[in-house]
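Participant: task: produce atomic coordinates for the following.
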Amino acid sequence: MVEASGTGSLSTVNATSGVQAGYNWQAANWVFGAEVDSESLRLHASNNVTSAYAGTTIPFTTSTSIGTDWLFTARGRLGWTATPQLLLYATGGLALSRITVTNAFQDSAGAVPAASSSSSDRAGWTVGGDAEWMFAPHWTIRAEYLYIDLGHISTTANVTDPTGLPVSPLTSSFHFTTQIARAGINYKF
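Facilitator: This next block holds a predicted model:
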């Protein structure tokens, strides 16, 4: 069966960079805020699996890949000033990115090679936490963690034999999640 030949997960590690802007309100030690950011997020992973048709030694290969190049978030912030210079906060909100999924199939038994691709802008959610330290008037340095979930995306290639009759669909489906740890420097007006 072609459909189950490439199950599993894909993972990758990469660096990211971007810009962010936000606004905070403070009441006693509580800090409330909103923030948006846009960044380069070049995550790409792929997998090639060679299997044999059930009950035979005839091999076939399936290839799958997923990738994204950017990320945008719009988040709320709720924090507590642990000291006059140190802010600890939780954050959460909307995450957006364009995700591309591809798959391909080929064998040595005469099936026609097949491939498909799907790209779409995906909206999901993000949650995380942060520590921000004021090291000079108007200047802070921060360390932040975000968990991002952009939901499911899939693509299907229709595999056919040499006469054009359908053999089996090849569907690649992903649940896209990522974790980001980042550091930044802020200037506060």
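
Participant: what lines up beside the lengthiest strand in the chain in the sheet?
Facilitator: With residue count as the measure and DSSP state E as the assignment, the chain has strand 59-83 as its longest strand. Strands adjacent to strand 59-83 in the sheet, as given by DSSP bridges, are strand 30-52 (antiparallel), strand 86-107 (antiparallel).

Participant: and R77, how many neighbours?
Facilitator: Close neighbours of R77, defined as other Cβ atoms under 10 Å, add up to 21. In this view, the C-beta of every residue, glycine as well, is placed from N, C-alpha and C.

Participant: what's across from it in the sheet?
Facilitator: In this entry, R77 is beta-bridged to G33, T91, by DSSP bridges.

Participant: what about it, distance to G129?
Facilitator: Separation of R77 from G129 (Cβ to Cβ, to the nearest Å): 10 Å.

Participant: now do T91
Facilitator: Where G129 is concerned, T91 sits at a distance of 7 Å (Cβ to Cβ).

Participant: find the residues that touch each one of those two.
Facilitator: Between them, T91 and G129 share these contacting residues under Cβ atoms under 8 Å, 6 or more residues apart in numbering: E144.

Participant: mind checking which of those two has more residues around it?
Facilitator: Per other Cβ under 10 Å, whichever of T91 and G129 has more neighbours is T91, with 22 against 15.

Participant: need the pLDDT of the residue of the chain most remote from its centre.
Facilitator: Going by Cα atoms, centre = their mean, the residue of the chain most distant from its centre is T163, 39.2 Å out. Among the per-residue scores, T163 holds a pLDDT of 79.

Participant: kindly report the same for G6.
Facilitator: Value listed for G6 in the pLDDT field: 55.

Participant: how about low-confidence regions in this structure?
Facilitator: Low-confidence regions of the chain, defined here as pLDDT under 70, cover residues 1-10.

Participant: re earlier: which residues are in contact with each of R77 and G129?
Facilitator: Y89, A90, T91.

Participant: need the residues you listed in a markdown table with distance to W139, can you?
Facilitator: Putting the shared contacts of R77 and G129 into a markdown table (distance: Cβ to Cβ, whole Å) gives the following:
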| residue | distance to W139 |
| --- | --- |
| Y89 | 18 |
| A90 | 23 |
| T91 | 20 |
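
Participant: tell me which of those is nearest to Y147?
Facilitator: T91 (10.6 Å; Cβ to Cβ).

Participant: buried residues in stretch 116-125?
Facilitator: Buried positions in stretch 116-125, judged by neighbour count with 16 or more other Cβ atoms under 10 Å: S116, R122, G124.

Participant: you'd agree the first one is up against V159?
Facilitator: In this case it means S116. No. S116 sits out of contact with V159 when judged by Cβ atoms under 8 Å, with a separation of 10.3 Å.

Participant: overlap in contacts, those two.
Facilitator: If you check S116 and V159 against Cβ under 8 Å, 6+ apart, the residues they both contact are L170.

Participant: count the neighbours of V49 for me.
Facilitator: 13.
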